[in-house]
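Asker: Only the shape, not the letters, is given here:
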């Protein structure tokens, strides 16, 4: 007595009725620190699906939001991913206001739009580092308003 196998295949959609998710989930793991001091203005984030330093390059310059509940409703703190932290896919982010320590372990959202990779906050330094004086002057012309 063999079981009958139906030849019709049912396709299930995971997010029926919802639009695509435009962010990547991340976890706020703590602040940049060493044995003696802590830098509260540099948050360390672990992003979902990012496991090595090479994969973090896509997220540099992307906007990050920390959402929390207050008496008035939900509030947000915005920031940007600045650089990789180590070789295991962690990233450093700088926020407009420092994240609260009670938020360690909480979820953050890394926005995937706009798709065009934006420059990090300290872009003028990295943009001109290691150039001769003539090359530096040429690059600065790009930022001058056109007449």
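Answerer: Yes, it's here. Nothing here was measured: the structure is a model prediction, and the numbers come from that model.

Asker: C-alpha from now on. contacts and neighbour counts both.
Answerer: OK.

Asker: Buried residues of the longest strand seen in the chain, list them for me.
Answerer: What stands out as the longest strand in the chain, according to DSSP state E, is strand 73-85. Neighbour-count burial for strand 73-85 flags 78-85 (criterion: 16 or more other Cα atoms under 10 Å).

Asker: which helices and strands sit right next to that strand?
Answerer: strand 63-70, strand 90-95 (3 or more Cα pairs under 8 Å, 6 or more residues apart in numbering; DSSP states H and E).

Asker: Mean confidence (pLDDT) on it, please.
Answerer: The average pLDDT for strand 73-85 rounds to 94.

Asker: what does it contact?
Answerer: The set of residues that contact strand 73-85 without belonging to it, under Cα atoms under 8 Å, 6 or more residues apart in numbering, is 44, 53, 56-57, 59-69, 90-97, 99, 120-121.

Asker: orientation of that strand relative to strand 63-70 in degrees?
Answerer: Taking axes from the mean of the first three to the mean of the last three Cα atoms, to 10 degrees, one finds that strand 73-85 is oriented at 140 degrees with respect to strand 63-70.

Asker: just how off-centre is strand 73-85 within its chain?
Answerer: Between the mean C-alpha location of strand 73-85 and the chain-wide mean there is a distance of 7 Å, by Cα atoms, centre = their mean, to the nearest Å.

Asker: Parallel or antiparallel, which strands does it pair with?
Answerer: Within its sheet, strand 73-85 is paired with strand 63-70 (antiparallel), strand 90-95 (antiparallel), according to DSSP bridges.

Asker: Could you pull out the buried residues of the longest one?
Answerer: Buried residues in strand 63-70, counting neighbours by 16+ other Cα under 10 Å, are found at 63-67.

Asker: pLDDT on the helix ranked longest in the chain, on average?
Answerer: In the chain, with assignment by DSSP state H, the single longest helix is helix 133-141. In this model, helix 133-141 has a mean pLDDT of 75.

Asker: show me where pLDDT drops low in the protein?
Answerer: 1-3, 5-7, 9-17, 114-130, 142-147 (pLDDT under 70).

Asker: What segments of it are strands?
Answerer: 23-33, 38-47, 63-70, 73-85, 90-95, 107-111.
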